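Visitor: Predicted model and sequence follow; I will ask about them next.
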Amino acid sequence: MIDRLKSLEDQALGEVESAASVAELEAARVKYLGLRGEVTLVLRGIGDLPQEQRPQVGKAANALRQRLQESIEAARVRLQEAESERALAAETLDVTAPGRWHRLGHRHPLTQVHDEIAAIFVGMGFEIVEGPEIETYRYNFEVLNYPPDHPAMDEQDSFYVDDDLLLRTQTSAVQVRAMEKRKPPFSLCTIGRTFRREALSARASFVFHQCEALVVDKGITFADLKGTLTLFARELFGPQTQVLFRPDFFPFTEPSADYSLTCMLCGGVGCPVCKRTGWLEIGGCGMIHPNVLRAAGHDPEKVSGWAFGLGTDRLAMMRFGIDDIRLLVDNDMRFLEQF
């Protein structure tokens, strides 16, 4: 058995030294020191040897196992260092090679319009506020005075996360959150992304952006709203811009109106985007409903306010002469590089 152990030692050490990779070294370790390895089997069979041979064979077998383990660990360190050196050599940076040109990005046309809108409202003394895109049923509908059977509350018209959470369908929820934390007078503006189950077309998308603004103070009237919207439109599109107000209904304002601007794509002549009317509807507006003021903790007998919301995607289309809203979300660099 001693001769057998000597033969195993020569054979095992030879395979360890000749291993060309960590994988080959691991195979040699398993062959000799694994659960069914040759050295392991010798150690397990010591109990079957004659009594007088057990001490000598056991000592020799344990010494062989120790030498093999040390030899394997030394070989593992050597092979890992060699593999690291080869990997580093393959990744060496050639400083003489010509540099790589990195394409510069462009500010998205929506981002440009959002920055212009924010600058206009900040210049008029408004505070810019933000809020979550995943909104609760309460803030998205309930405190905005939506009746329980309103079509907008249908799951077919909104993207629901669960029974109480949904992707916000309008940025009005941000303003209610902000109103709860402030005392009049205040002027607020918010710009952000919203979601609705809309069919994708040249004029509409299921992901779109809104800007909303409101003012709450004593003695606020509809005339203040019309003046602010007209000033905003002319600051953004020029002094020739006309604003058209038409009576409408919104649960959170009373009285309410929708408003349109002169279609900049056709100059008011009529085109497919404005449905041949010469006017492009931008959003809705009105005096804040008393129920909404109460829900935000304000007394409608003491203060009043106006609010409006508009789609910034359509503003970007008018601002840059874009005739299809889908171009804003396609992320095509050939399109974006124009701006």
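Guide: Yep, that arrived.
Visitor: Which residue ranges make up the domains of the protein?
Guide: With domains defined by automatic domain parsing, the chain comprises 2-90, 109-336.
Visitor: Spatially nearest residue to residue 25 (excluding sequence neighbours)?
Guide: Excluding the flanking residues, the one nearest residue 25 by C-beta to C-beta, 6 or more residues apart in numbering is residue 19, at 4.0 Å. (Each C-beta comes from the backbone N, C-alpha and C, glycine too.)
Visitor: Neighbours of that neighbour, how many?
Guide: By other C-beta atoms under 10 Å, 20 other residues sit near residue 19.
Visitor: ok, so what distance separates it from residue 10?
Guide: 16 Å (C-beta to C-beta, to the nearest Å).
Visitor: Report the backbone C-alpha coordinates of stretch 65-76 in PDB.
Guide: Extracted in PDB, the C-alpha atoms of stretch 65-76 (Å, rounded to 0.1, in the frame of the first residue of the first chain):
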ATOM      1  CA  ARG A  65      -3.300  14.600   1.000                       C
ATOM      2  CA  GLN A  66      -1.600  17.500   2.700                       C
ATOM      3  CA  ARG A  67       1.100  17.800   0.000                       C
ATOM      4  CA  LEU A  68      -1.500  17.600  -2.700                       C
ATOM      5  CA  GLN A  69      -3.700  20.300  -1.200                       C
ATOM      6  CA  GLU A  70      -0.700  22.600  -0.800                       C
ATOM      7  CA  SER A  71       0.500  21.900  -4.300                       C
ATOM      8  CA  ILE A  72      -3.000  22.500  -5.800                       C
ATOM      9  CA  GLU A  73      -3.400  25.900  -3.900                       C
ATOM     10  CA  ALA A  74       0.000  27.000  -5.100                       C
ATOM     11  CA  ALA A  75      -0.900  26.000  -8.700                       C
ATOM     12  CA  ARG A  76      -4.300  27.700  -8.500                       C
END
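Visitor: which residues are in contact with it?
Guide: Residues from elsewhere that reach stretch 65-76 (C-beta atoms under 8 Å, 6 or more residues apart in numbering): 9, 12-13, 16-17, 19, 22, 25, 28-29, 32-33, 39, 43.
Visitor: again, 10 Å this time
Guide: Identification of contacts with stretch 65-76 by C-beta atoms under 10 Å, 6 or more residues apart in numbering yields 8-9, 12-13, 15-19, 22, 24-26, 28-29, 32-33, 37, 39-40, 42-43.
Visitor: Spatially nearest residue to residue 15 (excluding sequence neighbours)?
Guide: Once flanking residues are discounted, residue 15 sits nearest to residue 28: 4.5 Å by C-beta to C-beta, 6+ apart.
Visitor: Just say helix, strand or coil for the one you found.
Guide: Under DSSP: H, G, I helix; E, B strand; the rest coil, residue 28 falls in the helix class.
Visitor: low pLDDT regions in the stretch 151-300 of the chain?
Guide: Applying pLDDT under 70 to the stretch 151-300 of the chain picks out residues 152-153, 155-156, 203.
Visitor: picking up where we left off before, for the residue nearest to residue 25, give me its contacts.
Guide: Residues in contact with residue 19 (C-beta under 10 Å, 6+ apart) are 25, 26, 27, 28, 29, 72, 75, 76, 78, 79.
Visitor: Quick check: pLDDT value at it.
Guide: If you check residue 19, the pLDDT there is 84.
Visitor: Now do residue 69 against residue 46, distance only.
Guide: Taking C-beta to C-beta, one finds residue 69 at 18 Å from residue 46.
Visitor: ok, back up a step: whichever of the contacts of stretch 65-76 end up buried, select them in ChimeraX.
Guide: Buried residues among the contacts of stretch 65-76 (16 or more other C-beta atoms under 10 Å), as a ChimeraX selection:
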select :8,9,12,13,15,16,19,25,28,29,32,33,37,39,42,43
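Visitor: do you know how far the residue nearest to the spatial centre of the chain is from residue 139?
Guide: Taking C-alpha atoms, centre = their mean, the centroid of the chain lies closest to residue 133, which sits 10.5 Å from it. Per C-beta to C-beta, residue 133 is found 12 Å from residue 139.
Visitor: Could you do residue 215 as well?
Guide: With C-beta to C-beta as the criterion, residue 215 and residue 139 are 20 Å apart.
Visitor: who's more crowded, the two?
Guide: Between residue 215 and residue 139, residue 215 has the larger neighbour count (other C-beta under 10 Å), namely 23 against 20.
Visitor: Show me how far stretch 207-224 is from its chain's centre.
Guide: Offset of stretch 207-224 from its chain centre (C-alpha atoms, centre = their mean, to the nearest Å): 28 Å.
Visitor: Repeat that for stretch 313-333.
Guide: The chain centroid and the centroid of stretch 313-333 are separated by 21 Å, computed with C-alpha atoms, centre = their mean.
Visitor: what do you get for stretch 162-171?
Guide: On C-alpha atoms, centre = their mean, the centre of stretch 162-171 falls 17 Å from the chain's centre.
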